[in-house]
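Chemist: compute the structure for the input listed below.
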Amino acid sequence: MKKPLGVLLPEKDTTKENIQQFIDKTSFVITVGDRTSQKMTEFGMMPSVQIIDGQEKRKKQRIPVNSSISTLLTCENPAAEITPQSIDVIKKAFKSKTPVRILVNGEEDLLVLPVCIFAPEKSVVLYGQPNEGLVIVKVTPEIRNKTQKLVDLMD
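Modeler: Now for the predicted structure:
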């Protein structure tokens, strides 16, 4: 995942206005990562689904309470893995009342891949690229195929 799946907004350019250029009113917005989810919420742009693990750069963080979360789901997903349970929870999130928060016991980084495979039409996925910025991915058939191939390589 060293190479971004989408557009990389450098950290200094990660503003609400720049992010909004990639998201329209009908977009289903998914954030993967604590900092990305928090930043979007601070910008007043509540993600439809947020996937967090309570860590930032491997350091435990306080998980903010968010009263506007409608559905809270949890899953186990060890570092450097994508578990069948996490895939099932991601699929369930896409059918649940939004906004949804998935709390991962383990690590959420690689969950960007199944998110891109199973996300609804008109989805935009945002995740952090460590020490670089924010990656914004519009889910297209090409992105679905690319991420499916990456997941297949992991099997």
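Chemist: drop to CA atoms for contacts and neighbour counts, all remaining ones
Modeler: OK.
Chemist: which helix of this protein spans the most residues?
Modeler: helix 141-154 (DSSP state H).
Chemist: center of the chain, which residue is that?
Modeler: The chain has Val32 as the residue nearest its centroid, 2.3 Å off, counting by C-alpha atoms, centre = their mean.
Chemist: contacting residues for that one?
Modeler: Counting by C-alpha atoms under 8 Å, 6 or more residues apart in numbering, Val32 makes contact with 50-52, 108-109, 111-112, 125-128.
Chemist: out of these, which is nearest to Asp155?
Modeler: Distance to Asp155 across these (C-alpha to C-alpha) is lowest for Leu111, with 14.6 Å.
Chemist: okay, now the closest one: neighbour count?
Modeler: 21 (other C-alpha atoms under 10 Å).
Chemist: quick revisit: the longest helix of the chain: how far from the chain's middle?
Modeler: The chain centroid and the centroid of helix 141-154 are separated by 16 Å under C-alpha atoms, centre = their mean, to the nearest Å.
Chemist: got the buried residues for it?
Modeler: Using 16 or more other C-alpha atoms under 10 Å as the test for burial, helix 141-154 gives 143-144, 146-148.
Chemist: closest to Glu42 among those?
Modeler: Set against Glu42, the nearest of these by C-alpha to C-alpha is Ile143 (27.8 Å).
Chemist: ok, for the closest one, nearest residue in space, not its chain neighbours?
Modeler: Leaving out its chain neighbours, the residue that sits closest to Ile143 by C-alpha to C-alpha, 6 or more residues apart in numbering is Cys116, at 6.9 Å.
Chemist: check which helix or strand covers that neighbour.
Modeler: helix 112-118 (DSSP states H and E).
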